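please work out how this folds:
(one chain, ligands or ions: 1)
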Amino acid sequence: MPAPDRAPCDVPVLSADAVRQLTTVFRDVGIDSPDRDARLLVAGLAGLDPAFVVVSPVPLGDDVRLRIADACRRRLDREPVARILGRRGFYGREFRVTPASLDPRPDTETVVEAALAIATREGWRDRPIRILDVGTGTGVILVTLLAELPLATGVGTDIVSAALEVAAENAARHGVETRASWQLARTFQGVQGPFDLVVSNPPYIPSRAIAELDPEVARFDPATALDGGEDGLSVYRELVAGICNLAPAGWLCLEVGAGQSDDVVKLAARARIEGARRPTIFRDLAGIERCVAIKTQLYPHLKKSLDHQGVCYKLLKCDRVTTAGKVPAEAPERPYPANCRDRIFADQLAVEGFLKGHLLRCARSLGTRNH
Ligand SMILES: C[S@@+](CC[C@H](N)C(=O)[O-])C[C@H]1O[C@@H](n2cnc3c(N)ncnc32)[C@H](O)[C@@H]1O
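From the prediction side, this is the model:
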């Protein structure tokens with residue numbers, strides 16, 4: 001009697017042959033790392049270490065057999081292994097992964113390495129620094145940094161509330177939940193600084209390029225985690241525009257896509273961030289420039305000018321100053337130098353982003369024209 005024709009995903013016994021069988025079906029549909037994926041799925045679902053060695057075949061229970069078959073079919077449909085198993089290893093720790101968030105990538109460990117190198121250089125390892133992780137997703141960056149820097153506290157933000165729930169769960173899993181808080185926010189909106197370190201792996205794929213990505217990415221990572229707008233740089237623009245307000249004397253550490261580091265440094269320079277003149281670039285294991293680290297302070301001449309006699313700065317906050325430069329009667333008398341408005345206009349040419357907004361509002365409240 002001929003042997004029954006078993007479906008290629010059916011693995012009745014745990015054996016080297018079983019792993020080879022799955023490897024073959026994965027290879028046949030063009031999966032990149034068929035042997036690794038086969039081993040990770042079988043090990044993950046049979047409760048074994050991925051480095052398992054089978055000396056003699058072991059029969060599998062029906063439930064495990066069905067789960068392996070289901071996982072195999074999902075992988076053939078190009079779902080990534082981490083999504084099938086619902087977990088991903090990152091910087092030596094395991095994180096829960098759900099459809100709400102990006103499946104964290106090994107490349108992102110470069111951001112963690114960069115942040116830790118900066119922490120060492122700045123003497124932050126034994127200080128209670130504050131960290132902000134914009135677009136935290138599963139929380140891998142923030143949770144890892146809090147685990148590595150035991151005195152630090154941090155805030156993780158995201159525009160997806162379901163992602164924040166998973167990040168909070170991951171924080172608890174790694175024992176850093178009392179030092180982490182989570183906030184539904186777009187970039188810096190409603191976020192209270194100051195921070196010593198702002199990290200982010202923002203969405204950076206140009207919108208039109210998403211459909212051309214591998215199916216594992218295009219079909220399974222949420223668009224909110226990928227789509228960086230027309231040129232891929234839209235969230236970077238928001239980050240550099242607000243950073244000096246939120247971290248006036250700290251570091252900004254950004255993951256970038258391949259070939260984007262120069263563009264991101266230029267955006268930071270245009271936002272007059274002093275550190276953009278001397279960015280530190282970190283490469284990933286493939287040698288690709290993966291992380292741009294920039295010290296966050298405004299150009300010194302601009303800052304000095306804004307501090308001009310300590311009075312212009314108050315004007316910049318539009319602190320009770322009304323039209324025609326008059327201080328309202330009920331406000332305390334506050335002298336300011338005659339050339340203060342001129343200085344504001346000189347600097348207006350040099351500033352962008354949030355500062356420009358302040359300056360324009362001040363100029364308006366002083367009743368002068370906007371040149
Ligand atoms: C590329 S994923 C990174 C996730 C996680 N940090 C990691 O490295 O695996 C980008 C994340 O940013 C979130 N996001 C997108 N635009 C955002 C914005 N303007 N402000 C805050 N979060 C944003 C997405 O929902 C997504 O979770």
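
quick one: mean pLDDT for the top strand by length along the chain?
Longest strand in the chain, counting residues (DSSP state E): strand 289-296. Regarding strand 289-296, the rounded mean pLDDT is 96.

any residue of it touching the ligand?
No. Contact of strand 289-296 with the ligand is not found when judged by CB under 6 Å from any ligand atom; the minimum separation is 11.3 Å. Any C-beta I mention is one placed from the backbone N, CA and C, and that applies to glycine too.

with only the CA atoms kept, save that strand in PDB.
The C-alpha trace of strand 289-296 is given here as PDB (Å, rounded to 0.1, in the frame of the first residue of the first chain):
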ATOM      1  CA  GLU A 289      25.000  54.100   8.900                       C
ATOM      2  CA  ARG A 290      22.100  53.400  11.200                       C
ATOM      3  CA  CYS A 291      22.100  55.900  14.000                       C
ATOM      4  CA  VAL A 292      22.600  59.700  14.000                       C
ATOM      5  CA  ALA A 293      23.500  61.100  17.500                       C
ATOM      6  CA  ILE A 294      23.400  64.900  17.900                       C
ATOM      7  CA  LYS A 295      24.000  67.000  21.000                       C
ATOM      8  CA  THR A 296      21.000  69.200  21.500                       C
END
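
packing partners of that strand?
Identification of packing neighbours for strand 289-296 by 3 or more CB pairs under 8 Å, 6 or more residues apart in numbering; DSSP states H and E yields helix 109-121, strand 250-255, helix 261-270, strand 280-283.

dump those to TSV, plus distance to Arg83.
Formatted as TSV, the helices and strands packed on strand 289-296 follow (distance: least, CB to CB, whole Å):
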stretch	distance to Arg83
helix 109-121	19
strand 250-255	20
helix 261-270	29
strand 280-283	27
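
can you put those in CSV and add mean neighbour count?
Below are the helices and strands packed on strand 289-296 laid out as CSV (neighbours: other CB atoms under 10 Å):
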stretch, mean neighbour count
helix 109-121, 19
strand 250-255, 27
helix 261-270, 19
strand 280-283, 16
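
who wins for proximity to Ile129 among these?
Ile129 lies closest, by CB to CB, to one member of the helices and strands packed on strand 289-296: helix 109-121, at 7.3 Å.

what angle sits between that closest one and strand 250-255?
Using axes from the mean of the first three to the mean of the last three CA atoms, to 10 degrees, the direction of helix 109-121 lies 160 degrees away from that of strand 250-255.

what's in contact with helix 109-121?
Contacts with helix 109-121, where a contact means CB atoms under 8 Å, 6 or more residues apart in numbering, come from 90-91, 124-125, 129, 131, 141, 144-145, 148-149, 197, 199, 201, 251, 253-255, 280, 282-284, 290-291, 293.

same question for stretch 9-16.
6, 18, 21-22, 25, 42, 46, 54, 56-60, 65, 68-69, 72-73, 76.
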